[in-house]
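**Q** Build me a model from this:
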Amino acid sequence: MTATIKDLGEIEVLNRLKKFMRCGQIDDDLAEINSFNKSLLINTDLLVEKIHFSEKISNAKDVGWKCITTNISDLICSGSENIISFTVGLVLPPNTHWEWVESLYEGMCEAMQEFGGEIIGGDCSSGETKMISITAIGEMKPPRLHRGNALPGDYIVSTGCHGLSRLGLALLTSEKLPSEVKISHELAKRAISAHKRPYPAMKALKALIECKPESISWRAAGTDSSDGLIESIRGICQSSNCQAILSKTSIQKDPDWPEDSIWDEWMLYGGEDYELILSLPKEWAEALSKKLKSSQIIGFIKEGKPNIFWENLEPINIKKSSLFQHF
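**A** Purely as a prediction, here's the structure:
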């Protein structure tokens, strides 16, 4: 019997699609185009109603913001700080109110006013479910962050804390929390905002560029934590054919994050936090951790078959039940 894409899962589907592209092309979330006088980074993301967004928890303006900022995050985590333009593809049920569409675009424009870029076109069609496809274009300049650029001896740097968006989703959907721990009003507010209005790490990229020591090259590996902290590190290890050793005590937590260890699963696997996860030469990593207060060295890269370990060499197994499932 022929396997379905649900049986295979996203990672296996992508692995099977590699044969249709040049080596390394699918290791990042976007494509690289080299022209005569400028190199561009192109990224496309598709958001589907009831899978990636729901009107029950996010209004159209918030959805518009998120459509743009998630694409910008993919450009940023590949090294682009100059966001050029976007095209928008829409699939809308015929009974969709115009006010919803207008608010969607207003949210997109708010994000572009903050981070740059403009809408230059797109397409629309009728369908049973709302779908929004964004193609984002950014200019490529050093550093060209790539998941496959990590080398043994690199330090792993995270530019912020994780788990807030996952908590925000739970609060918005009245999902049962991991334990009976009472969370503060301030933490709940930050979590909901992180989920509805994610903020890509543009300041972190600028700090990375500004603090590079002159004595080293621009070689660096990077991705964002849209699929979760551990999954993002796994992607770097897989693409760079190396191992990661992480320190439990170095991973950042929100100041009000519950101490109960059961909450760590959301912090490690929750996703949609959009922080930069970087593999950098030691000197560069240390310079970034000093320049950017929110950043932290959380581990290092070593030789070996792709895997992730805690510093006591306990393997960190990817918990598929905790990851977002695309199929």
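**Q** any idea how far the residue most central in space within the chain is from S261?
**A** The chain has S226 as the residue nearest its centroid, 2.7 Å off, counting by CA atoms, centre = their mean. Note on S226: its distance to S261, by CB to CB, to the nearest Å, is 24 Å. In this view, the C-beta of every residue, glycine as well, is placed from N, C-alpha and C.
**Q** next one: S103
**A** 41 Å.
**Q** who has more neighbours, these two?
**A** Taking other CB atoms under 10 Å, S103 and S261 do not tie; S103 has more neighbours (17 against 10).
**Q** Let me know the helix or strand that that one is in.
**A** helix 98-115 (DSSP states H and E).
**Q** tell me which residues in that helix are buried?
**A** 101, 103-105, 107-112, 115 (16 or more other CB atoms under 10 Å).
**Q** quick check: angle from the very next helix or strand once past that helix to helix 98-115?
**A** For helix 98-115, the following helix or strand on the C-terminal side (DSSP H and E) is strand 119-126. Angle, strand 119-126 to helix 98-115, by axes from the mean of the first three to the mean of the last three CA atoms, to 10 degrees: 150 degrees.
**Q** end-to-end on stretch 149-156?
**A** By CA to CA, to the nearest Å, the extent of stretch 149-156 from end to end equals 12 Å.
**Q** Stretch 218-230 now?
**A** From its first residue to its last, stretch 218-230 covers 25 Å (CA to CA).
**Q** How about stretch 218-232?
**A** 21 Å.
**Q** Check stretch 12-23 too.
**A** Chord length of stretch 12-23, first to last residue, is 16 Å (CA to CA).
**Q** what's the nearest residue to S295 once chain neighbours are set aside in contact with, if anything?
**A** Spatially, and ignoring its direct neighbours in sequence, S295 is nearest to T159 (4.7 Å; CB to CB, 6 or more residues apart in numbering). Counting by CB atoms under 8 Å, 6 or more residues apart in numbering, T159 makes contact with 201, 204, 275-278, 292, 294-295.
**Q** contacts for the helix or strand hosting G168?
**A** Here G168, judged by DSSP H and E, is contained in helix 164-172. Contacting residues not belonging to helix 164-172 are listed as 57-58, 175-177, 183, 187-188, 190-196, 198, 254, 266, 269-273 [CB under 8 Å, 6+ apart].
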